[in-house]
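Q: Task: produce atomic coordinates for the following.
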Amino acid sequence: MKTLLQDFRYAMRMLRKSPGFTVVAVLTLALGIGANTAIFTVLHAVLLRPLPYPQPDRIVQLGASLKNGEPEGYVTGPHFTFLAENPASAFGSIAAFQAGSLLELKEQDHVGWLSSQRVTEDFFRVLGVAPALGRTFQSDDMKRGAPPAVVLSDAIWRKASGANPDVIGRQINLDDRLFTIIGVMPRSFTFVEQPADAYLPLQFSDSIGDQGMNTRMIARLKPAVTIVQAQTELNTMFQRFPSKDSRVFVGDYQRWLAGDLRASLILLFGAAGLLLFLACLNIANLLLSRATFRGREIFIRTAIGAGIGQLLRMFVAEGLLLAFAGAICGLLTARWVLAAIVSSIPFNFSWAGPVRIDSSVLAFTFGILLVTTLGFGLVSYWQAARGNPVNAGGDEGRQAPRRASSGRVRNIFAVCEIALSLALLVGAALLGESLYRLYQEKLGFDPDNVVTMRTAAPRAKNLTYEQLWNSQKELLQKIQSFPGVRSAGLVTVAPLTEQANLPAQAFGMDDAEHSIGGTEIRAISDGYFEAMRIPILLGRGFLQTDEATTSPVALVNETLAQRWWGSTKAIGQQVVIGKFRGRDIFQNPTPREIVGVVGDVKGKFLTRPAPPTVYIPAAQRGEMLNGSTAWVVRTVGSVDIVPGLRQAVKEFDSDQEIPQIRSMKDVVAASVAGPSFVSVLVGAFAGIALALAAIGIYGVLSLFVLQRTHEIGIRVALGAQQREVLRLVVGQGLRLGLTGVVIGTAMAVGLSRFLSSLLYQIKPTSSLPYLVSAAVSVAVAILASYIPARRAMHVDPLVALRYE
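A: Take a look at the predicted model:
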């Protein structure tokens, strides 16, 4: 122990003697470790930390997709009913759930609003959680006409009843209906996907709302059953499903929750790992250069009896101090970087629980510490032990190494730094070009000077559909009368926000080609197209005379018109919402005459083509898509109408929460926020990597000039011009840079395939990002060579000739 303490004291003294080296090494390490720790913290919370349920790896999610369509995370009511009536042997239990509305709690001691979830009988069994009090739902609770039942969360049980254990069987007033409390969930329970205060029975029916893709479904696999086996069974089962082209897929539940964040986090963690490796190479190069001048010290220590273990321990102690200081500074950096990431990351990962630096993250950082310590110690010992002992008694400044091998190692490290930085540059360039193409994507509407908000139907008024439309029409007319408002309209779902799809088919055509199981349905007012500047290509828009009592009409977008009739033949045709391949999904679905064709507008996803869309007059929507409404308002210039909108909504429904009002430009920006975030972060990593590579080349060439000072002096004495000396040094840097570019390009081509899922309308092998990245890397290598080259150009021949 005493010897070990002596090694650490000596290492501390040596590091204090080289403050410049120590500061650069610690800061470089802090940057690499901090970035890795911050990204790993998020990755651990989202991908590695198990969900808070028993055997969470057995929980899977089920989602439907139509033929040739991308998988969705939602199903329809018939999908669940089919599986409930035809149980799959792969699942121990299966459940469906829908996000419920806010419920008004009316109790003597507490009045407020509760969030709710509507769930089927086996919902809690799938999650593997039993109630703390009472029971969960049974089959009798799911029958029509059954007494209304509710399962409460622990928090609401404590607030509403004061944690009364005798609450089971009592009734609670929710939305002026009495529900019997049948169970209370444990304090530790939360439904990670959509936390709720109250859970109600989900009873499917033939209503319109149950036919759309608005239901989520989860299941618990039986022991030893794999996802692949479950998928194979479902593929066979769904050949008997009424919609033959409808397929249900099985996926890992936690992976589905992570969504696009999974690929982004893995990419960022890989980029941070490359940055850390590059930082370690940079420090290793500094250590090689520093150890070059310690040959005399090693020779003397060896001569007085120091063994290999003692020498290695000395250098490992020095590496440990460096790595430990870097890790401490890295953890401090990680806290700052993590806070910045969590506050700005556009992905929703609230389900993952608290994102914090815990024991697992500290273990990860400790692992980095051990690897870097051992690496730095071995590098220092290897180089110092190869020093030239012949000059051990001479001046230390004269101990520049003669061995070409050590120079080659430093050159290899510099080439690796250029190669790694180029790989990151190519990734950043590919993501940047992909982001540019996203921004250039045609929206189908003009977002300039448009604001949008969302409101719910007035809760306390219990309005009929006609009364609701009349009250919304009054609010719309009031908004249209605001000073500075050019036009305004309402729509059930605004572009790039949500989706609302239902089955539909061309009237009288029962074949698969004229049916779409997931048609986007938009109920709009007559001012909507004008406010959004969506062009009407054929026919007319909706009129104020298109009321509930007049003939049902509809408009379709260009994609749907072209698909079913050809874009110029759609006018006068009929579309039936709620009918699929000749089968009535709704009760008595009504044909609607198509009176116009409008331009395509993006749906929920900017990266997908405009979906087939049917527009219907808001006055004729009836039960269809009833509920919350989006409002769009186009202003003259940058007029601020937000205060007026808030006041109008307050007068419309005094109980309603003040809505969030955003500009459509913000909505568009939010749709590309994920790719933008990843692109900026990878770009920052690439910039830091390029700077470190430049420092590495500068260090190698500085030592190159120092080692060849005598040779340069002879060249100058024999008449060499400054440009020839410049060419000698810069040429060496250019060779390193070009070698790194070649290797880095090959590396980038191999790694770029992992970017495929994050790129939009650009191939991972697109040539322009590679050419630009290569040009930047070569330019940086030349610039990094310039300062050592200038020093070489001004070498005094007389001084240089005395150098040896």
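
Q: okay but K579 is in contact with P503, surely?
A: Yes: using C-beta atoms under 8 Å, K579 makes contact with P503 at a distance of 6.9 Å. All C-beta atoms are positioned from the backbone trio N, CA, C, and that covers glycine.

Q: Return every residue with contacts to both of the two.
A: Common neighbours of K579 and P503 are listed as 515, 585 (criterion: C-beta atoms under 8 Å, 6 or more residues apart in numbering).

Q: More neighbours: these two, which one.
A: Neighbour totals were compared for K579 and P503, and P503 leads with 28 against 21 (other C-beta atoms under 10 Å).

Q: Give me the pLDDT value at that one.
A: For P503, the pLDDT comes out at 83.

Q: ok, now D206?
A: The model reports D206 with a pLDDT of 52.

Q: Which residue is the nearest non-sequential neighbour of G599?
A: Excluding the flanking residues, the one nearest G599 by C-beta to C-beta, 6 or more residues apart in numbering is P535, at 4.5 Å.

Q: so what's the one you found up against?
A: P535 neighbours (C-beta under 8 Å, 6+ apart): 529, 598-599.

Q: Tell me, please, where in the stretch 351-500 of the chain the pLDDT is lower than the cut-off.
A: 380-381, 383-407, 457-462 (pLDDT under 70).

Q: what about the strands in it?
A: In the stretch 351-500 of the chain, the strands defined using DSSP state E, counting those that start in this stretch lie at 450-455, 485-491.

Q: how far away is F137 from Y253?
A: Using C-beta to C-beta, to the nearest Å, we find F137 at a distance of 20 Å from Y253.

Q: about what we covered before: of the contacts of P535, which is the most crowded?
A: Busiest of the contacts of P535 [other C-beta under 10 Å] is F529, holding 24 neighbours.

Q: Grab the nearest non-local neighbour of that residue.
A: Once flanking residues are discounted, F529 sits nearest to G541: 5.4 Å by C-beta to C-beta, 6+ apart.

Q: Checking the one you found next. Helix, strand or coil?
A: coil (DSSP: H, G, I helix; E, B strand; the rest coil).

Q: OK, contacts around it?
A: 526, 529, 555, 596, 598.

Q: Tabulate those residues (CSV), appending secondary structure.
A: Below are those laid out as CSV (three-state DSSP):
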residue, secondary structure
D526, coil
F529, helix
L555, strand
G596, strand
V598, strand
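
Q: how about those in CSV, adding pLDDT?
A: Output for the contacts of G541, formatted as CSV (pLDDT from 0 to 100):
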residue, pLDDT
D526, 88
F529, 96
L555, 97
G596, 95
V598, 97
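
Q: sec struct for the closest residue to P148 other than its chain neighbours, please.
A: Distances taken as C-beta to C-beta, 6+ apart put F179 closest to P148, at 4.5 Å, once the chain neighbours are dropped. What three-state DSSP gives for F179 is strand.

Q: K159 now?
A: For K159, the assignment made with three-state DSSP gives helix.

Q: and the gap between it and S153?
A: Relative to S153, K159 is positioned 10 Å away (C-beta to C-beta).

Q: Looking at those two, which is more packed in?
A: S153 (23 against 18).

Q: Looks like that one contacts A196 (just checking).
A: Yes: using C-beta under 8 Å, S153 is in contact with A196, at 6.8 Å.

Q: Excluding chain neighbours, what is closest to the spatially most central residue of the chain?
A: Closest residue to the average C-alpha location of the chain: L261 at 3.0 Å, with C-alpha atoms, centre = their mean. Closest residue to L261 apart from its sequence neighbours, by C-beta to C-beta, 6+ apart: F347 at 4.2 Å.
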